[in-house]
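Visitor: What follows is a predicted protein model with its sequence.
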Amino acid sequence: MLDNLNLTNGLIHSQKVLLELARKGFKRQDAYLIVQRCAMKTWDEKTPFKESLMAEQEIRNNFTEIEIDNLFSFEKVFESVDYIFTRLGID
């Protein structure tokens with residue numbers, strides 16, 4: 001499953017980045033333009049999305065590397081997997 005998620009070069013995390021930019025006070029349109037620019041670079045050049053983001057001065061000025069790492073973590077995504085499997089009767 002993780003291999004499939006990683007096929008996106010991190011683009012799967014773009015919504016979390018957009019929401020965090022807005023939470024940090026960016027206007028939604030400005031946040032969207034930053035995320036879109038980085039996402040298109042990732043798509044076109046096949047570079048990791050995280051790398052595209054970190055190349056942006058606005059991102060580096062507003063996020064620590066730890067904050068970016070947290071946005072790219074699958075921990076939150078997978079935290080309910082065991083509960084869901086248990087409810088479905090899958091062990």
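Guide: Done, it's in.

Visitor: and Asp44, what are its phi and psi?
Guide: Dihedral pair for Asp44: phi -70, psi -40, per degrees, to the nearest 10.

Visitor: Low-confidence regions, this structure specifically.
Guide: Counting by pLDDT under 70, the chain contains low-confidence ranges at 91.

Visitor: And for Asp30, the neighbour number?
Guide: Using other CB atoms under 10 Å, Asp30 has 13 neighbouring residues. For every residue, glycine as well, the C-beta is placed using N, CA and C.

Visitor: let me redo that: Arg28
Guide: Counted with other CB under 10 Å, Arg28 comes out at 11.

Visitor: residue contacts, it?
Guide: Residues near Arg28 by CB atoms under 8 Å, 6 or more residues apart in numbering: Ala22.

Visitor: now it: how far from Leu18?
Guide: From Arg28 across to Leu18, the span is 8 Å (CB to CB, to the nearest Å).

Visitor: Could I get the full set of helices for this protein?
Guide: Along the chain, counting by DSSP state H, helices occupy 2-6, 14-23, 28-45, 49-54, 57-62, 65-71, 75-78, 81-88.

Visitor: Just name the most buried of those.
Guide: Per-stretch averages of neighbours, counted by mean count of other CB atoms under 10 Å, single out helix 49-54 among the helices of the chain, with a mean of 20.

Visitor: so what does that one touch, helix or strand wise?
Guide: Judged by 3 or more CB pairs under 8 Å, 6 or more residues apart in numbering; DSSP states H and E, the packing partners of helix 49-54 are helix 28-45, helix 65-71.

Visitor: Asp82: which of those is closest?
Guide: helix 65-71 (21.3 Å; CB to CB).

Visitor: and the closest one, how far out from the chain's middle?
Guide: 9 Å (CA atoms, centre = their mean, to the nearest Å).

Visitor: what's the residue nearest the centre of the chain in contact with, if anything?
Guide: Central residue of the chain (CA atoms, centre = their mean): His13, 2.2 Å from the mean position. For His13, the contact set (CB under 8 Å, 6+ apart) comprises 49-50, 71-72.
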